[in-house]
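Chemist: Show me the folded form of this:
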Amino acid sequence: MVAGMVASSHLWGYLADTRGRRKVLIATLLLDFLCAIAGSFAHTFWLFVVFRFLNGFFICGPSAVVYVYLGEFHTAEHRTKAIMWACIFISIGIISLPGLAWLVIPLKWSFDTPWFPYSSWRLFVALCGVPSLVTCIIMALFLPESPKFYQAIGQDEEALKALRYIYTVNKGNSPDKYPVKAIMSDPSQEDIEEEGGTSQSSGVFTSIWNQTAPLFQTPHLRNTVIACLIQLGLYASFNSLLLWLPDLFNRLAVYSSSHPNQTATVCEILSILKKEGDTLLSPENLTSQVTVLTNNSSQPDSNVTSSCVVNIDPIVFQNTLVIGFTSAMAYLLVSQVVNHVNKNKIVAFALAASGLTILGMYFVHTTAEVLPLSCIYVALPGMCVSVLSGIVIDIFPTHLSTQEYATVSVASEEEMILVLLAVDLCCPSVLLAVDLCCLSVLLIAVPVVVGFLLVAARGHLLPEVVVVVEVILLSDVSQGLYLGILLV
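Modeler: So this is what the prediction gives:
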């Protein structure tokens, strides 16, 4: 799924900046729902993987566009606060998803199809697509295109119609009473409408290049590089650990049941379970210890089991609910102070605290100790993602903001894949060596990078952004070092 997001992030950013935010949101949400339904009927592993890839491919559209779409309906004063409030729904998703899984997956019912039994986990996959359908319908019926996008492409009359609609919904008055009678385009903006016509005649790839190239040219280059670095660090810590935590809690529960009255650190537990798993799946033990799961209806003469045993400890769902609730509280708290405290100070403090928290994971022994550290570590970087979204919308022009956010997302999603693969890497000694080398290199490079940014900024960047970059680099190093030690 993450691979699908990497593959499509740039595409959706381009389409949103050239064809409209609303069109991309409606199309991708509908396609995501259809892929979720189709995936629930997949009768082979690889077909299921294909549909999960497509889910990631299409859901990346809303992920890359929604913050920009929302931000363009608010002034600079209220933009970040609005995004913070929207991010509370991410926490609601973190809460509701394990709650739904806890409710649906343990159910023992199923019904037969010509190819396979449709069981509870398939229903869960289908239900995960329902929010996309509901949001798609709401978007299509009630929400307009971004007026700022219309203005950026020179369609001032359409922008005025959208503003009148918003005025009518908010105030309950007739559109004729809207006090603004005309909109004048900003003469400093590029003529995007003219560029769009040229790019269409010269080809799609040329159009994509023309839309992307300005991000890597002055005056946007330095901001693009810094935003990519920050987002890379945030997603490497926030999303990667969030995706891994359910498996971590399940492993801790497995260890507690299989090794009663024994204590060990998280690192030792994962190392023990990994060795036991490697032994179980070795070729000489595969036939004697592993039961092949298939469908009796397709192979009536074989001695195989027709059921699928789901072995997930309920504590996995409970702990994920707690993490989601903590994240919601963090978003709620920051939404109240974001207009009164410098955004970069918020990010710097949150990243420094989360970096120290992940180091504490090396010394804990039980789920009860892992849970509070995980709550802090997930909540703080996740909160910073929303703050960064507001900053990106502020410092990039309208016709490039979604493309920039999508470009930043590509870097962050690639980092997520690398971190997730590193968790169960088969050569932990090599990983540790690489991490130690990176640590020494980055500790030397950080002052150089900060000095370069100070010279490059020349007062145009937000005041403490260089401090944020330094903290992120050190935080990422601490996480990489932790993962390396974890696997020894």
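Chemist: Buried by neighbour count: which residues of stretch 217-232 qualify?
Modeler: 220, 222-224, 226-232 (16 or more other C-beta atoms under 10 Å). All C-beta spots, glycine's among them, are computed from the backbone N, C-alpha and C.
Chemist: What ranges in the protein fall below the confidence cut-off?
Modeler: The model of the chain has pLDDT under 70 over residues 2, 6, 185-212, 215, 231-241, 267, 269-313, 343-344, 389-390, 392-488.
Chemist: Please, where are all the strands along it?
Modeler: Along the chain, counting by DSSP state E, strands occupy 110-112, 117-119.
Chemist: Tell me which other helices or strands the lengthiest helix in the chain touches.
Modeler: Secondary structure assigned by DSSP state H gives helix 221-258 as the longest helix of the chain. Packed against helix 221-258, as judged by 3 or more C-beta pairs under 8 Å, 6 or more residues apart in numbering; DSSP states H and E, are the following elements: helix 266-280, helix 314-337, helix 343-360, helix 367-395, helix 398-423, helix 428-457, helix 465-486.
Chemist: now with 6 Å?
Modeler: In terms of contacts (3 or more C-beta pairs under 6 Å, 6 or more residues apart in numbering; DSSP states H and E), helix 221-258 is packed against helix 314-337, helix 367-395, helix 398-423, helix 465-486.
Chemist: and among the strands of the chain, the most buried is which?
Modeler: strand 117-119 (a mean of 17; mean count of other C-beta atoms under 10 Å).
Chemist: can you list contacts of that one?
Modeler: Residues from elsewhere that reach strand 117-119, judged by C-beta atoms under 6 Å, 6 or more residues apart in numbering: 110-111.
Chemist: That one pairs with which strands, and in what direction?
Modeler: Using DSSP bridges, strand 117-119 pairs in its sheet with strand 110-112 (antiparallel).
Chemist: Just the residues contacting the partner strand, thanks.
Modeler: Contacts for strand 110-112 (C-beta under 6 Å, 6+ apart): 117-119.
Chemist: go on, stretch 154-168?
Modeler: Contacts of stretch 154-168 (C-beta under 6 Å, 6+ apart): 144-145, 147, 150-151, 175, 178, 183, 185, 193.
Chemist: Is there a quick ChimeraX command that grabs whichever of those residues are buried?
Modeler: Per 16+ other C-beta under 10 Å, the buried members of these correspond to this ChimeraX selection:
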select :144,145,147,150,151,178,183,185
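Chemist: With respect to residue 322, which of the strands of the chain lies nearest?
Modeler: Of all the strands of the chain, strand 117-119 sits nearest to residue 322, with 27.8 Å by C-beta to C-beta.
Chemist: Reformat the contacts of stretch 154-168 as a markdown table; add distance to residue 127.
Modeler: Putting those into a markdown table (distance: C-beta to C-beta, whole Å) gives the following:
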| residue | distance to residue 127 |
| --- | --- |
| 144 | 29 |
| 145 | 30 |
| 147 | 35 |
| 150 | 36 |
| 151 | 39 |
| 175 | 39 |
| 178 | 41 |
| 183 | 43 |
| 185 | 45 |
| 193 | 42 |
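Chemist: Can you tell me which of the contacts of stretch 154-168 is nearest residue 322?
Modeler: The shortest gap between residue 322 and any of the contacts of stretch 154-168 belongs to residue 144, at 38.2 Å (C-beta to C-beta).
Chemist: I'd like the distance between the closest one and residue 383.
Modeler: To residue 383, residue 144 is 29 Å away according to C-beta to C-beta, to the nearest Å.
Chemist: again with residue 154
Modeler: Here the criterion is C-beta to C-beta. By it, residue 154 lies 37 Å from residue 383.
Chemist: Likewise for residue 222?
Modeler: Residue 222 sits 25 Å away from residue 383, going by C-beta to C-beta.
Chemist: One more: residue 372?
Modeler: 17 Å.
Chemist: Residue 69 contacts residue 23, correct?
Modeler: No: contact criterion C-beta atoms under 6 Å: residue 69 and residue 23 do not qualify, at 11.0 Å.
Chemist: contacts for stretch 370-386?
Modeler: 83-84, 87, 234, 237-238, 242, 245, 319, 323, 326-327, 330, 334, 347, 350, 353-354, 357-358, 360-361, 364.
Chemist: Let me see the ranges of the helices in the stretch 51-200 of the chain.
Modeler: 76-104, 120-127, 130-142, 147-152, 156-171, 192-202 (DSSP state H, counting those that start in this stretch).
Chemist: Could you figure out how far the second one is turned away from helix 76-104?
Modeler: Going by axes from the mean of the first three to the mean of the last three C-alpha atoms, to 10 degrees, helix 120-127 is angled at 160 degrees with respect to helix 76-104.
Chemist: before we move on, the earlier item: pick out whichever of residue 154 and residue 383 has more residues nearby.
Modeler: Neighbour count, other C-beta atoms under 10 Å: between residue 154 and residue 383, residue 383 has more, with 27 against 16.
Chemist: And residue 109, how close does it get to residue 123?
Modeler: 9 Å.
Chemist: go on, residue 335?
Modeler: From residue 335 across to residue 123, the span is 35 Å (C-beta to C-beta).
Chemist: More neighbours: the two, which one.
Modeler: Of the pair residue 335 and residue 123, residue 335 is the one with more neighbours under other C-beta under 10 Å, namely 20 against 17.
Chemist: Please report the distance of the nearest residue to the more buried one once chain neighbours are set aside from residue 354.
Modeler: Excluding the flanking residues, the one nearest residue 335 by C-beta to C-beta, 6 or more residues apart in numbering is residue 84, at 3.8 Å. Going from residue 84 to residue 354 by C-beta to C-beta gives 17 Å.
Chemist: More neighbours: which of the two?
Modeler: Neighbour tally, residue 84 and residue 354, criterion other C-beta under 10 Å: the higher count belongs to residue 354, 27 against 24.
Chemist: What are the neighbouring residues in contact with the more buried one?
Modeler: Applying C-beta under 6 Å, 6+ apart, the residues near residue 354 are 377, 380-381.
Chemist: How about it: what's its closest non-neighbour residue?
Modeler: residue 380 (4.3 Å).
Chemist: Give me the number of neighbouring residues for that neighbour.
Modeler: Residue 380: 26 neighbours (other C-beta under 10 Å).
Chemist: What of residue 173?
Modeler: 12.
Chemist: Can you tell me how far it is from residue 29?
Modeler: 31 Å.
Chemist: With residue 172 instead?
Modeler: Distance from residue 172 to residue 29, by C-beta to C-beta: 28 Å.
Chemist: For residue 140, list the residues it contacts.
Modeler: Contact analysis of residue 140 by C-beta under 6 Å, 6+ apart lists residue 26.
Chemist: re the thing from before, between residue 172 and residue 29, which has more neighbouring residues?
Modeler: The neighbour comparison of residue 172 against residue 29 (other C-beta under 10 Å) goes to residue 29, with 25 against 7.
Chemist: Leaving aside the residues adjacent along the chain, what's closest to the more buried one?
Modeler: Closest to residue 29 by C-beta to C-beta, 6+ apart is residue 136, at 3.8 Å.
Chemist: Next up, the contacts around the one you found.
Modeler: 26, 29-30.
Chemist: From those residues, which land in helices?
Modeler: 26, 29-30.
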